[in-house]
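A.B. asks: Return atomic coordinates for the entry below.
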Amino acid sequence: MSYWERLLAHRHWITLHIFGRELRFCARCSGVILGFMSSRILSTTLTSSMNHPVPLYVSFLLSFLLALPSIVDWTTQSLGFRQSNNNLRLATGFLEGVGVELLSLMEIPTPLKLLILAAIGLSVLCIGIFGRRLVKKSGMESRLSHVRIS
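C.D. replies: Prediction:
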């Protein structure tokens, strides 16, 4: 697998055959892009028909709740508690993409939006990294390697 394929596919991918070539894309990232794009198209269609804006706290809460399944899936998989699959990654990524689109539509300054995304991403990354180290140190890794939930 080439460098670019590893970058786009990570370690779990969906394969598309385009013009006789096999292209691999990360399942979760593909879901995020599909969710973002489809909700972007839907939001431009619906915003012209809406008479009143959604309150900011409702948008933020809904955005977070839509991203939460992806966070839980990635975290529990990276900690070794269970094994995910591409269908689940695609679905949770789709929900995350819709949540990111909702965040992008909020009427708050762009730097604040980027700060929120960075803080959530960094928090999840830290949980994954420190959790993985904790699992290795505690010796749970060998016991958890037998746990498979599909």
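A.B. asks: all contacts plus neighbour counts: C-alpha atoms, from now on.
C.D. replies: Will do.
A.B. asks: per-residue confidence at the spatially most central residue of the chain?
C.D. replies: Taking CA atoms, centre = their mean, the centroid of the chain lies closest to G93, which sits 4.2 Å from it. Among the per-residue scores, G93 holds a pLDDT of 91.
A.B. asks: and it, that's in a helix?
C.D. replies: Yes: remark: G93 belongs to a helix, assigned using DSSP: H, G, I helix; E, B strand; the rest coil.
A.B. asks: so who does it touch?
C.D. replies: 27-33, 35, 67, 70 (CA atoms under 8 Å, 6 or more residues apart in numbering).
A.B. asks: Quick check: of the residues you listed, which has the highest neighbour count?
C.D. replies: R28 (29 neighbours; other CA atoms under 10 Å).
A.B. asks: if I look at that residue, how far off is R133?
C.D. replies: 23 Å (CA to CA, to the nearest Å).
A.B. asks: roughly how far out does the lengthiest helix in the chain sit from the chain middle?
C.D. replies: Ordering each helix of the chain by length in residues (DSSP state H) puts helix 110-138 first. Relative to its chain's centre, helix 110-138 lies at 13 Å (CA atoms, centre = their mean, to the nearest Å).
A.B. asks: just checking, what packs against that helix?
C.D. replies: Under the contact definition 3 or more CA pairs under 8 Å, 6 or more residues apart in numbering; DSSP states H and E, helix 110-138 sits against helix 56-78.
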